[in-house]
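Participant: got a predicted structure plus its sequence, pasted below:
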Amino acid sequence: MTEYNELGRLLKLRKEKEALIPKVVDKKKKIRAKRKSRKVLLKKWIINITDD
């Protein structure tokens, strides 16, 4: 029974870790998207200024 409990605990820990990973990835993607949008905005802004 103890082996079974250990296995269950390990599986539970693994599931928790796997559940955490997507959140971290999403956060990184959001940060990357924000950076990219800022760069694009800056480029547009610079283009607008040079056009005037």
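Facilitator: Thanks, I have the structure now.

Participant: buried sites along stretch 20-34?
Facilitator: Under the neighbour-count criterion of 16 or more other CB atoms under 10 Å, stretch 20-34 has nothing buried. Just so you know, the C-beta spots here come from the backbone N, C-alpha and C atoms, and that holds for glycine as well.

Participant: show the average pLDDT along that stretch.
Facilitator: Confidence for stretch 20-34, expressed as mean pLDDT, is 82.

Participant: now it - C-alpha only, CSV.
Facilitator: The C-alpha trace of stretch 20-34 is given here as CSV (Å, rounded to 0.1, in the frame of the first residue of the first chain):
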residue,chain,number,x,y,z
LEU,A,20,2.0,25.1,-14.0
ILE,A,21,4.1,24.9,-17.2
PRO,A,22,1.4,26.2,-19.6
LYS,A,23,0.8,29.3,-17.4
VAL,A,24,4.5,30.2,-17.5
VAL,A,25,4.5,29.7,-21.3
ASP,A,26,1.5,31.9,-21.7
LYS,A,27,3.1,34.6,-19.6
LYS,A,28,6.2,34.6,-21.7
LYS,A,29,4.1,34.7,-24.9
LYS,A,30,2.1,37.7,-23.5
ILE,A,31,5.3,39.5,-22.6
ARG,A,32,6.7,38.8,-26.1
ALA,A,33,3.5,40.0,-27.7
LYS,A,34,3.6,43.2,-25.7
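
Participant: residues in contact with that stretch?
Facilitator: Residues outside stretch 20-34 that contact it (CB atoms under 8 Å, 6 or more residues apart in numbering): none.

Participant: no further queries at this time; thank you.
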